[in-house]
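[1] I would like the atomic coordinates for the input below:
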Amino acid sequence: MQTVSIGIFGPAKVFVTEAAAIHAIKNGFIVEGDVIVLICCGPAGAGMQEVYQITSALKALPFGRHVAVLTDARFSGVSTGACIGHISPEALAGGAIGRVHDGDQIEIIIDRTKLEGSVNLVGDSGTIFSAEEGSARLAKRPSRADLRPA
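    Numbering: from 1, shown residues only. Purely as a prediction, here's the structure:
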């Protein structure tokens, strides 16, 4: 049987508030292939806010289905597209999502047959490396200085 997989590879655009991410979408700072990383919106940050506004704004863009969203927040039942939420540990609890920087290359692999997936750091500062190397680099990075609860 052939495995049906989805692969996404793109640069991270990191935001610490939903309002900042919406502003970026509406003002053309998000382009096809980007990976929006929304942090500080989990239980410790914003009480596990629901971030439907981001996927709603992306639907209005002609390339919106080609932008992924990673967050420690939650999505509503009407969100569509490559949305991965409830990432834990959340940024404010020291999770790896709180160590992602703008421009980091993110790889998302989803196997729709096995219902398995992975999100990996596979590049930074113009260097591409393996998912294993990315995990090691993330583990060595300190949490971002701009992390703060809402």
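[2] OK, contacts around the nearest residue in space to Glu18 that is not next to it in sequence?
    What sits nearest to Glu18 in space, not counting adjacent residues and going by CB to CB, 6 or more residues apart in numbering, is Val51, at 5.3 Å. Where you see a C-beta, it was placed from the backbone N, CA and C, and this is true even at glycine. Val51 is in contact with 18, 38, 41, 69, 71, 73-75, 79, 85, counting by CB atoms under 8 Å, 6 or more residues apart in numbering.
[3] need the contact list for Ala96.
    121, 138-139.
[4] neighbour-wise, which of these leads?
    Leu121 (24 neighbours; other CB atoms under 10 Å).
[5] Is it correct that it falls within a strand?
    Yes - according to DSSP: H, G, I helix; E, B strand; the rest coil, Leu121 belongs to a strand.
[6] roughly how far apart are it and Thr80?
    25 Å (CB to CB, to the nearest Å).
[7] ditto for Ala24
    For Ala24, the distance to Thr80 - CB to CB - is 19 Å.
[8] how about the strands in the chain?
    With DSSP state E, the ranges of strands along the chain come out as 5-15, 35-38, 68-71, 83-84, 105-111, 116-124, 127-128.
[9] My guess is Ile97 contacts Gly85. True?
    No - the criterion here is CB atoms under 8 Å, and Ile97 misses it with Gly85 at 10.6 Å.
[10] Name the residue in these two with the higher neighbour count.
    Set side by side, Ile97 and Gly85 show more neighbours around Ile97, with 28 against 20, by other CB under 10 Å.
[11] Nothing else from me, thank you.
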